[in-house]
Structures are given as structure tokens and as C-alpha cells.
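Colleague: I'd like to go over a predicted model; first the sequence, then the structure.
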Amino acid sequence: MTDPTRSLRHLLDRAVAVERRVRRAVEARAATDPDPEDAFRGLYLTEENITRLLDDQDARAFPGPGPRPADPPPEPEPESSRLTDLVREFELTPLDTEILLITLVPDLDDRFEAFYGYLNDDVTRRRPSIGLALGLCGLSPADREARARLSAQAPLRAGRLLLVEDPERPFLSRALRVPDRVAAHLLGDDTPDPRPADLLAPWRPTPGAGDPAPLAGALAEGVALAYLREDQGGAGTALAASALGLAGRRVLGLDLARLAEDPAPAEAVRALVREARLTGAGLVCAPIDAVAREHPRLLRLLTATPVPVILVGRVPWDASWSATPPLALHAPRVEPAARAALWTQAYQRLATAPVPDSIDAGRLLSPFLLTPEQITGAAHSAAQTARLHGGVLTPDQVRHGARAQNAAGLDRLARRIEPTVTWDDLVLPADTHAQLRELTARARHRDQVLGAWGMRPGGGRGRGVSALFAGDSGTGKTMSAEVIAADLGLDLYTVDLATVIDKYVGETEKNLERIFSEAAGVNGVLLFDEADAIFGKRSDVKDAHDRYANVESAYLLQRMESFDGLAILATNLRANLDDAFTRRLDLVIDFPVPAPPQRLLLWHRSLGPHLPRTPDLDLPFCADNFELAGGNIRSIAVTAAYLAAETGEPVSMRTLIHAIQREYQKLGRLTLASEFGPYLGLLT
């Protein structure tokens with residue numbers, strides 16, 4: 001490790017040598033001034049001012065000898081200082097180093113502004129020009145090799161250690177400047193510039209993120225480019241940070257999503273690469289998906305940098321992104337046990353009380369596929385919410401913190417429903433209820449079964465769970481999806497078919513791909529209502545319409561296989577779905593029309609405990625005689641409530657029969673005397 005005091009001492013010693021060279025140049029110019037009585041001398045430094053500056057020992061930022069010193073014998077370079085490390089990293093020649101120091105000294109001692117203004121014969125130009133810098137190095141301005149060290153491709157300028165200003169001037173009179181960030185680094189300050197700092201992400205090593213040793217060994221052996229491909233909830237950034245740390249490098253995390261929004265992303269990349277080279281860091285860049293399609297040139301720029309770069313993403317690698325192929329690795333997910341431990345550690349750093357024994361973080365978080373950064377964010381969110389409620393942590397707060405990590409992109413393509421119902425609200429046959437429980441268990445334990453136990457099938461299938469809910473309208477399909485989401489602690493996203501179906505060829509597939517891609521970044525339940533509209537049967541090709549309809553279905557077959565989330569298809573017309581879909585589904589659950597005992601329970605729940613009723617309300621008769629689904633019963637109850645509110649009277653049998661009649665009219669059903677029995681006379 002570099003000793004800060006010795007490093008600064010070495011820099012100042014080198015600056016003293018530059019001072020001697022500048023003093024001699026200033027004295028030589030003052031001695032040969034052809035016109036000391038010039039009337040315009042006030043526009044530049046007088047000889048008396050120059051003499052005073054040369055003799056002013058107290059004004060020096062670094063100690064130096066008196067006037068007209070003799071050069072001392074050169075001291076050996078220290079093995080490690082900030083300057084020697086910079087020379088080694090940027091492959092600077094001795095001439096490059098001298099030019100850099102000549103340009104740097106005005107930032108160390110303000111007297112050099114006056115010296116350089118005097119030597120430039122222009123007091124407004126207070127930095128060295130190219131011609132002056134070459135002259136102070138004892139070189140001819142016409143020296144081809146010396147001029148080449150200040151070309152745009154030379155290390156000083158390509159590495160952004162030196163800026164050449166005034167491009168409209170002739171080459172030799174252009175000013176040189178050391179960027180503030182480089183000067184600060186040489187003086188011991190490693191605070192990054194504000195602009196690249198806005199693009200940095202706090203990615204750090206995380207326990208349980210996989211074994212970093214293989215990647216660290218490759219980096220130590222000189223591998224400069226690696227690609228970690230991960231699934232949803234992958235720990236690619238944490239694994240990359242761990243590997244760089246093992247290889248002896250610092251970590252600079254680059255958020256590619258922010259980079260894609262930067263007005264000058266290429267300039268930002270160059271600034272970040274310089275930051276990495278100054279600090280001996282490697283770049284961890286994620287997610288690659290944010291720039292792969294719209295900004296591939298940024299990937300080509302990143303992969304051509306002279307620092308180790310580890311890219312993290314979910315898309316397949318494209319050979320056009322780099323002149324050399326990367327080391328390709330798979331980044332595992334954080335396993336459930338490590339997930340719970342990481343969440344607990346992050347929570348306890350913020351919370352005022354330990355995690356209660358009643359909170360099983362592993363089970364509560366098992367349905368969520370979260371990255372290490374998202375797990376930490378979920379813990380912080382839960383801790384803040386618990387603090388608002390007296391510091392008592394509840395399971396709902398744990399789940400809410402995890403849901404808060406969801407991206408908002410899917411909200412533009414689907415309607416988000418925050419579940420408010422529970423298993424107790426469902427009125428279903430016992431077998432249907434049991435199948436819904438089994439579906440929930442699949443979603444909760446898929447990491448253990450498909451990951452730890454290796455039960456994942458081949459053929460490129462993901463870790464997703466999919467099911468078909470089939471039944472008449474109003475039989476509880478959507479409500480069941482909401483109950484499952486509530487039990488898992490997830491949000492429910494109902495896909496709006498208006499955002500999917502498109503009359504133009506290929507657009508429906510693109511819309512579906514956007515939905516599946518956004519859903520891959522969200523821990524939620526994806527519900528395709530009226531699924532037969534887009535998951536219909538393939539047919540014989542009789543015209544172009546049939547051909548492209550079949551292409552849509554074939555695409556969906558493939559995309560459903562690779563989806564990693566929980567998808568539910570709901571349909572009233574099960575027979576219209578392609579048989580290939582049902583083979584790929586984990587469960588097919590039928591929702592029958594409720595039987596009389598279930599209908600009676602639905603009547604009581606739909607009318608609720610607060611709606612005023614008359615004693616003559618004959619709900620058993622309604623349950624036995626009116627074959628209605630739960631959705632219809634709910635609609636009738638709401639209609640009856642409005643009628644009661646209008647009349648100011650409780651809901652009576654007359655009110656209820658009238659509401660049933662309106663529902664029959666809506667459904668197009670006949671009002672039969674056999675159904676209404678003794679209440680037929682109440683019909684209007």
C-alpha cells in the first residue's frame with residue numbers, strides 16, 4: 001500500500017525540479033529582454049515583479065533552494081507513490097512525466113501562473129503552452145517524436161491526464177491543463193468527480209453470492225473482460241465485486257441504466273475509466289440489458305478499455321459488442337438460506353430492535369427473486385416502516401419491503417392490484433381449493449425443488465410456475481389469483497389485452513415480449529385474463545391471417561417455457577386453448593358453478609354484515625333456486641344495496657328479487673316461474 005506522506009513528498013520533490021527549470025527560463029528571458037522601457041509593460045510582468053517572485057521563499061507551496069541553484073544529484077524513485085503508480089498504469093515515458101509535472105505545478109503553487117504568463121509573453125495565458133512545455137524540457141518545438149507525445153492518441157491525452165485547450169490556436173500555442181481530478185489524486189484525494197459519481201452503484205461483495213475464486217484467478221492472470229449472465233434475482237454484481245476484491249482491485253460499479261440516460265454517455269465512460277485507472281479499480285457494469293439494444297456502441301467502448309471490466313446481465317452475449325470474446329460465466333441466485341441471512345443483517349443495521357422470533361424471513365422471502373442489493377433495500381424499507389409503528393416488525397412489513405423493490409415498467413403494460421383478500425374469502429369446492437394451495441406451494445418452494453434438488457427439466461425451461469384457471473365468468477378465477485398473490489406477499493398484475501393485441505404483423509409478439517421482459521424484473525403474479533384471445537388454438541393455414549396467428553401461438557409456447565415468474569391464464573373457454581399450452585402448464589384448475597351450500601355462503605358474504613336487512617330475507621331459497629356464479633351474486637347484492645339506499649329502507653325480499661331480475665336481464669336469461677316460486681309476484 002502506498003504511504004500517503006511519502007507519496008506526497010515524492011510529488012513535491014519532483015515539483016522542485018520543475019521549479020528550477022522554470023526559474024532558469026524566467027531569469028534567462030528577463031536578462032535578454034530587448035525593450036525594458038516598453039510603454040506597455042503594465043500589460044505584463046515587470047522585471048522587478050519577476051525578481052520578487054523568484055526570491056519569495058515564503059510564497060512557495062513546496063520547499064526549494066534559493067536563487068540560481070545547482071541541480072542536486074537525482075534521487076532514486078520510490079517503489080510506490082501515487083506518481084510512480086500513475087506512470088506505471090498509464091505507461092508514461094520520462095518525457096510524458098515531465099510534461100505532466102510542468103503542467104501540474106500551477107495547481108500546486110500560484111506563483112507559476114505569473115511565471116508562465118511571463119514566459120508566454122501574455123499575462124492572460126497563465127498555463128504552459130505546448131511550445132513552452134517542450135522548451136522547458138530542452139526539446140525543439142519541431143521535434144517530431146516530442147510533438148507526438150501530445151497527440152490525441154498518446155497516453156497523456158488518451159488517458160485524460162492532460163487536456164489541450166484552445167484548439168483554434170496553432171499547435172505550439174495551445175494551453176495545457178491537468179484536470180482537477182488528476183491533480184487531486186496525486187495530492188492524495190480520491191473523491192470522484194460529481195458527474196461520473198452520479199453513475200456509480202454501491203455494489204459490494206455479499207455472502208452466499210457464489211464462489212468468486214475462479215473469476216478472481218482469471219482476473220489475476222490478466223483476463224480483462226468477463227460476462228456474468230444471470231437469471232432474475234441473480235447475484236452477478238456481488239459475485240463480480242467479490243472476485244475483484246480477491247484479485248486485489250477496488251470496485252467501481254457502473255449503473256448502465258443511468259448511463260443510457262446520460263446526455264453524453266461516451267464522455268462519462270471515459271471519465272469512469274480514468275477513475276478506475278487512477279484508483280486501481282475494476283468496472284462492474286450492470287444491467288447490460290439497459291444498453292444492449294439501443295446503445296451497443298457503449299458496450300464496444302466499455303469492452304475496449306484498459307481496465308478489467310465485468311459485465312452483468314440476462315441477455316445472450318453478442319459477438320459484435322467486443323473485439324475479443326469475454327470470459328463467460330453464470331451468476332447464481334442467492335439461495336434462500338443466504339437470502340434470509342443477508343436480509344437479517346441489513347435489517348439489524350438500521351432497526352432499533354432485533355428481528356422477532358415469530359418472523360421467518362426465509363419463508364416470507366422465498367417467493368421473491370431478489371438480488372443482494374434488492375434484499376438490502378427490502379430490509380431497509382421494512383426497518384423504516386417498523387419504526388413508524390413503534391419498532392414492532394410484522395410479516396406484512398417484510399413483504400411490503402420486498403415488493404417495494406419492484407421496477408415500475410410493468411405498471412405501464414398491466415394493471416397492478418395490491419391484494420386485499422385471503423383464503424377465508426374464497427368459496428370454492430374442496431378440490432379446487434386444494435389445487436390453489438398446491439400452486440402456492442410450487443411458487444414458494446421452486447428455488448429448493450428446481451435449484452437445490454436439481455428437478456429443473458431440460459429444454460431451456462425457466463423456473464417459472466404457470467397455471468390455467470378455467471371456468472364460467474364470475475366463478476372466482478381473478479379473486480383466486482389475488483388470494484395466491486396475497487398469500488405469497490406479491491402484487492397481482494392483470495395484463496390489459498388492449499396493450500397486447502395489434503393488427504400489424506409481429507407487433508403482438510413484440511408487445512408480449514415487453515410484458516414478459518418487464519415481468520422478469522418484478523416479483524409479482526402475472527394474470528392473463530381472457531387468455532384464449534391470445535393463447536388460442538393453432539389452425540390449418542388457409543390464408544395469411546391463419547399463418548401469422550399460428551406464429552403468435554408458437555411464439556407464446558416458447559416464451560412461456562422460458563418465463564421465470566408466476567403466470568396464471570384465466571379463460572371461460574378452455575376448449576379454445578391450444579393443447580400444447582396445457583402440456584406446458586403446471587396445473588389446470590377448473591372453477592365450477594357453485595353448488596347450493598356454496599351459493600348460500602356467497603349470499604351471506606356478498607350482502608355483508610353492515611347492510612341493513614329485513615327479517616323476511618329468504619337467502620336459503622335464493623341459494624337453492626337461482627343457479628348463479630359468485631360474481632353474479634356479488635353484482636345482485638350491490639344492486640340491492642343501491643336500491644335500499646335510494647328508498648331509505650332495509651334490503652327486503654322484494655328488493656332482492658328486483659335486483660335478481662335486473663341481473664337476469666343483463667345476462668339475457670328468462671325469468672321462469674319455477675325459479676322464482678312463491679316470489680314470482682314480486683317481479684316488476
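Modeller: Noted; the coordinates are in hand. Residues are numbered from 1 along each chain as shown.
Colleague: can I see the domain layout of the chain?
Modeller: When the chain is parsed with automatic domain parsing, its domains come out as 4-186, 194-331, 336-405, 423-591, 596-682.
Colleague: how long is the last one from one end to the other?
Modeller: Domain 596-682 has an end-to-end distance of 22 Å (Cα to Cα, to the nearest Å).
Colleague: before we move on, what about the first one?
Modeller: In domain 4-186, first residue to last residue: 10 Å (Cα to Cα).
Colleague: Mean confidence (pLDDT) on it, please.
Modeller: For domain 4-186, the mean per-residue pLDDT is 79.
Colleague: same check, this time on stretch 339-346
Modeller: Rounded mean pLDDT across stretch 339-346 is 88.
Colleague: for stretch 564-583, same thing?
Modeller: 78.
Colleague: that's a strand at residue 589, yeah?
Modeller: Yes - with DSSP: H, G, I helix; E, B strand; the rest coil as the criterion, residue 589 is part of a strand.
Colleague: partners of residue 282 in the sheet?
Modeller: Applying DSSP bridges to residue 282 gives these bridge partners: residue 251.
Colleague: Switch the domains of the chain over to CSV; also include mean neighbour count.
Modeller: No exception for glycine: its C-beta is placed from N, CA and C like everyone else's. Below are the domains of the chain laid out as CSV (neighbours: other Cβ atoms under 10 Å):
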stretch, mean neighbour count
domain 4-186, 16
domain 194-331, 19
domain 336-405, 19
domain 423-591, 18
domain 596-682, 16
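Colleague: and these as JSON lines, adding distance to residue 415?
Modeller: Output for the domains of the chain, formatted as JSON lines (distance: least, Cβ to Cβ, whole Å):
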{"stretch": "domain 4-186", "distance to residue 415": "47"}
{"stretch": "domain 194-331", "distance to residue 415": "21"}
{"stretch": "domain 336-405", "distance to residue 415": "16"}
{"stretch": "domain 423-591", "distance to residue 415": "5"}
{"stretch": "domain 596-682", "distance to residue 415": "18"}
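Colleague: Could you pull out the helices in the stretch 301-450 of the chain for me?
Modeller: 336-350, 361-365, 372-388, 395-403, 430-446 (DSSP state H, counting those that start in this stretch).
Colleague: quick one, the fourth one and helix 372-388 angle?
Modeller: When axes from the mean of the first three to the mean of the last three Cα atoms, to 10 degrees is applied, the directions of helix 395-403 and helix 372-388 differ by 140 degrees.
Colleague: what angle do helix 395-403 and helix 336-350 make?
Modeller: 100 degrees.
Colleague: packing partners for helix 395-403?
Modeller: If you count contacts as 3 or more Cβ pairs under 8 Å, 6 or more residues apart in numbering; DSSP states H and E, helix 395-403 packs onto helix 361-365, helix 372-388.
Colleague: repeat for the last one
Modeller: Helices and strands touching helix 430-446, by 3+ Cβ pairs under 8 Å, 6+ apart, are strand 465-471, helix 477-488, strand 587-591.
Colleague: In which helix or strand does the nearest residue to residue 192 once chain neighbours are set aside reside?
Modeller: Nearest non-adjacent residue to residue 192, counting by Cβ to Cβ, 6 or more residues apart in numbering: residue 275, 5.4 Å away. Secondary-structure assignment from DSSP states H and E places residue 275 in helix 265-279.
Colleague: Which stretches in the stretch 501-650 of the chain count as helices?
Modeller: Using DSSP H, counting those that start in this stretch, the helices of the stretch 501-650 of the chain run over 507-519, 544-562, 579-584, 596-607, 619-625, 630-647.
Colleague: rank those by pLDDT, which is bottom?
Modeller: When I compare the helices of the stretch 501-650 of the chain, helix 544-562 is least confident, with a mean of 64.
Colleague: quick one: residue 131 from residue 570, how far?
Modeller: 78 Å (Cβ to Cβ, to the nearest Å).
Colleague: what's the single longest helix in the protein?
Modeller: In the chain, assigned by DSSP state H, the helix with the most residues is helix 4-31.
Colleague: gap between it and the chain center?
Modeller: 48 Å (Cα atoms, centre = their mean, to the nearest Å).
Colleague: go on, stretch 604-624?
Modeller: 52 Å.
Colleague: Give me the distance between the two termini of that stretch.
Modeller: With Cα to Cα, one end of stretch 604-624 sits 14 Å from the other.
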